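> need a 3D model of the sequence below.
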Amino acid sequence: PIDPADFEARPWVADSGWPFSADTLAPYFDRAHEVCQVDSPSYELDEVASLVPQLYQPPFVGDDVRAVMWTHSPPTKFGSVYRSELEDAQNTTVHLGATVINLDGTDPKHVPSVTVRTDRTTYVVKANTFILTLGGLETPRLLLTSTDAVGSGYGNQNDVVGRYFMEHPHLLCGTVRVDQSGQSRSIVATLDKGLGGIRARMALQRPAGDVKFALALSPELQRKHRLLNGSVHYTVVHHARTESSAIKSLRLVVGNLRSPVRMFRQVRDGAIPGGLGTHVRNILRGVPEVTKVLVNNVLRKPRGIGIFAQAEQSPNPESRVLIDADSVDRYGVPTLVLDWRLRDQDRDSIRKTQELVSEHLVSAGVGPIEPADWLSSDGWGPDLGGGHHHMGTARMGVDPATSVVDANCRIHGSENVYVGDSSVLPTSGFANPGLTTVAVAIRLAHHLMSL
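Here you go, the predicted structure:
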């Protein structure tokens with residue numbers, strides 16, 4: 001889950017703060033862990049001491065630099081895991097292969113029905129309450145394209161829907177220069193050849209199966225330096241370049257092969273950028289390069305150990321999801337356009353966090369650490385990316401001028417439309433948003449059941 005400090009309004013972070021404290025959401029995390037099939041939900045490192053590797057124990061961590069832990073789910077395929085439970089439920093009807101394309105009605109306070117499309121038909125579903133859980137991209141898209149009641153989109157009277165899009169910037173910040181003396185064997189072993197080195201490199205990034213660790217600054221040090229939250233990870237830096245079109249295509253195709261059904265749907269809907277054929281051709285043309293990368297990444301001694309950031313992005317109203325009225329999907333709904341924008345504050349915060357963590361690690365015997373070139377420039381590194389963590393586009397708050405839903409996830413000005421996905425998160429912290437989103441959805445369910 002995100003840190004308790006992430007819920008607070010920080011004077012140095014514009015539009016920060018949740019409409020409730022971390023304590024309000026805390027009771028719902030136990031159930032969220034169950035839903036996500038997480039067996040050991042403790043994030044207190046002293047309770048999982050046997051799992052914590054040497055590099056995340058003193059002297060490599062201290063009062064101002066702490067170790068943080070991720071616990072991964074299997075991952076949980078909700079449709080498969082809960083299918084039989086939904087089939088057996090007497091008060092639930094599930095429509096598969098059905099896409100909501102419009103929130104109906106001309107009254108901005110009340111939606112009487114939604115229009116649904118399938119490959120064969122169009123129909124209407126009426127209900128007293130509607131909960132949108134389409135995610136940080138598709139929820140604002142549905143709101144912006146539902147213009148029967150409000151010309152600019154349902155719930156968008158103040159032009160906030162789709163704004164404040166947040167991701168977690170991911171990029172390499174530096175490289176640890178490793179020799180064979182005076183440093184932790186945990187790092188030196190990662191540069192060994194053979195099976196021992198392979199095992200050490202796997203353990204460095206994921207030392208305990210579904211559990212992994214990172215370093216982060218204490219809330220007090222963040223406050224002192226007026227920083228955003230962020231985490232710093234060890235990663236292996238290989239010799240082979242990995243930014244070519246062939247390698248990018250290989251990653252996309254291999255990633256989709258984990259879910260053939262999802263891949264088929266993306267091909268059918270034209271949702272793979274450039275089309276599947278383009279990526280297959282890229283891979284075939286780049287077979288020598290792909291082979292070289294695979295050999296280098298698995299068998300060859302790596303170039304070094306990197307310091308990798310997964311950081312908080314500040315809420316930014318100019319970072320947003322828009323719709324393209326000139327481009328529609330197969331159901332005639334306008335497609336979305338993502339305008340992801342980062343501020344100088346985001347870059348400067350990562351730079352300072354890397355500097356403070358590096359100073360601590362060097363003092364503990366890890367290093368020297370060579371900063372990435374981009375840290376001394378006004379730009380970003382060439383490997384800047386996100387974690388597919390789409391947040392903030394229907395953010396929660398008390399002021400309709402800067403938020404879309406209230407503390408109970410109901411759209412401002414609406415009597416019966418709620419949002420229960422990652423788009424409501426007003427700040428992002430650095431942790432993956434899935435667990436926090438599930439906790440928010442469970443809290444929403446409890447609220448609705450109490451009405």
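> residue closest to the middle of the protein?
Nearest to the geometric centre of the chain sits residue 389, at 2.2 Å (C-alpha atoms, centre = their mean).
> and residue 276, how many neighbours?
For residue 276, the count of nearby residues is 17 (other C-beta atoms under 10 Å). The C-beta positions use only the backbone N, C-alpha and C, and glycine is treated the same way.
> ok so, going back, from residue 212, how far out is the residue nearest to the centre of the chain?
16 Å (C-beta to C-beta, to the nearest Å).
> now swap in residue 367 and tell me
To residue 212, residue 367 is 22 Å away according to C-beta to C-beta.
> if we can go back for a sec, for the residue nearest to the centre of the chain, give me its contacts.
For residue 389, the contact set (C-beta atoms under 8 Å, 6 or more residues apart in numbering) comprises 136, 166-168, 422, 428, 432-433.
> again, only using 6 Å
Residue 389 sits next to 167-168, 433 when contact means C-beta atoms under 6 Å, 6 or more residues apart in numbering.
> can you check the pLDDT for it?
pLDDT recorded at residue 389 is 95.
> all strands of the stretch 201-350 of the chain, in order?
Assignment of strands within the stretch 201-350 of the chain using DSSP state E, counting those that start in this stretch yields the ranges 211-217, 230-237, 304-311, 320-328, 334-339.
> contacts made by stretch 320-340 with the rest, please.
Residues contacting stretch 320-340 (C-beta under 6 Å, 6+ apart): 101, 117, 140-141, 144-145, 162-163, 165, 319, 393.
> next one: stretch 110-124
Under C-beta under 6 Å, 6+ apart, the answer for stretch 110-124 is 97-105, 125-126, 130, 331, 415-417.
> distance between stretch 396-403 and the chain's centre?
How far stretch 396-403 lies from its chain's middle: 22 Å, per C-alpha atoms, centre = their mean, to the nearest Å.
> what's the end-to-end length of it?
6 Å (C-alpha to C-alpha, to the nearest Å).
> just the buried positions in that stretch, please.
Neighbour-count burial for stretch 396-403 flags 396-397, 400, 402-403 (criterion: 16 or more other C-beta atoms under 10 Å).
> now for those residues: which two are most distant?
396 and 400 (11.5 Å; C-beta to C-beta).
> show me where pLDDT drops low in this structure?
40-41, 178-210, 238-244, 251-275, 294-303 (pLDDT under 70).
> C-terminal to the longest helix anywhere in it, what's the next element?
Looking across the chain with DSSP state H, the single longest helix is helix 344-363. As assigned by DSSP states H and E, the chain's next helix or strand after helix 344-363 is strand 369-371.
> which parts of that next one are buried?
For strand 369-371, by 16+ other C-beta under 10 Å, it's residue 369.
> who's in contact with it?
174-177, 358.
> ok, then the element right after it?
That would be, after strand 369-371 and using DSSP H and E, strand 417-419.
> what's that next one in contact with?
111, 130-132, 139, 394, 405, 409-411.
> for residue 319, give its distance to residue 284.
In terms of C-beta to C-beta, residue 319 sits 37 Å off from residue 284.
> who's more crowded, those two?
residue 319 (23 against 11).
> find the nearest non-adjacent residue to the more buried one, please.
residue 341 (4.0 Å; C-beta to C-beta, 6 or more residues apart in numbering).
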